[in-house]
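In: here is a sequence with its predicted model. Questions after.
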Amino acid sequence: QVQLVESGGGLVQAGGSLRLSCAASGGSFSTLSMGWFRQAPGKEREFVAAIKWLGGSTRYADSVKGRFTISRDNAKNTVFLQMDSLKAEDTAVYYCAAPRPWIWEWPPTVYDYWGQGTQVTVSS
């Protein structure tokens, strides 16, 4: 069973930056691709970014491409989401998630393990 704990959310002005972290425990981290998702009030949960188990491949939603960067540190069982040039429409609860080992896909339904979420609010 994989446990995920996010941190780093908060309130930031438009154009600013935040860095989210997600610490994993209870599984073999280096076999897991990791994803970030977000959910705004009244909207469906949506994919933001994913990174493959050794970090060699990444994928981003079009809405964040060029502004967000996903990375991981397998020695520390942690995945990060660096968010730059933030916009008001980035306001949401951000979730870290992991599928079962060796899966490289990004629909939310593929992911079995989820963190509790961290709030990101961007003021315009």
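Out: Received it, and whenever you're ready, just let me know what you need. Residues are numbered from 1 along each chain as shown.

In: K76 and V64: what is the separation?
Out: 24 Å (C-beta to C-beta, to the nearest Å). C-beta coordinates here come from the backbone N, C-alpha and C atoms, glycine included.

In: residue closest to the middle of the chain?
Out: W36 (2.2 Å; C-alpha atoms, centre = their mean).

In: who touches that one in this structure?
Out: L20, C22, V48, A49, A50, I70, V79, L81, Y94, Y95, C96, A97 (C-beta atoms under 8 Å, 6 or more residues apart in numbering).

In: out of those, name the ones that lie in strands.
Out: L20, C22, V48, A49, A50, I70, V79, L81, Y94, Y95, C96, A97 (DSSP state E).

In: and the third one, what pLDDT?
Out: This means V48. The score at V48 is 98. That number is its pLDDT.

In: how about the nearest residue to it, chain neighbours excluded?
Out: What sits nearest to V48 in space, not counting adjacent residues and going by C-beta to C-beta, 6 or more residues apart in numbering, is W36, at 4.3 Å.

In: checking my notes, that neighbour in a helix, right?
Out: No - applying DSSP: H, G, I helix; E, B strand; the rest coil, one finds W36 to be strand, outside a helix.

In: rewinding a little: most neighbours among the contacts of W36, which one?
Out: V79 (30 neighbours; other C-beta atoms under 10 Å).

In: for it, give the beta-bridge partners.
Out: Note on V79: beta-bridge partners by DSSP bridges are C22, R72.

In: measure it to Q13 for me?
Out: In terms of C-beta to C-beta, V79 sits 25 Å off from Q13.

In: can you show me the strands along this protein?
Out: 3-7, 10-13, 18-25, 34-39, 46-51, 58-60, 68-73, 78-83, 92-98, 113-114, 118-123.

In: so which bits of stretch 42-62 are buried?
Out: R45, F47, V48, A49, A50, I51, K52, W53, G55, R59, Y60, A61 (16 or more other C-beta atoms under 10 Å).
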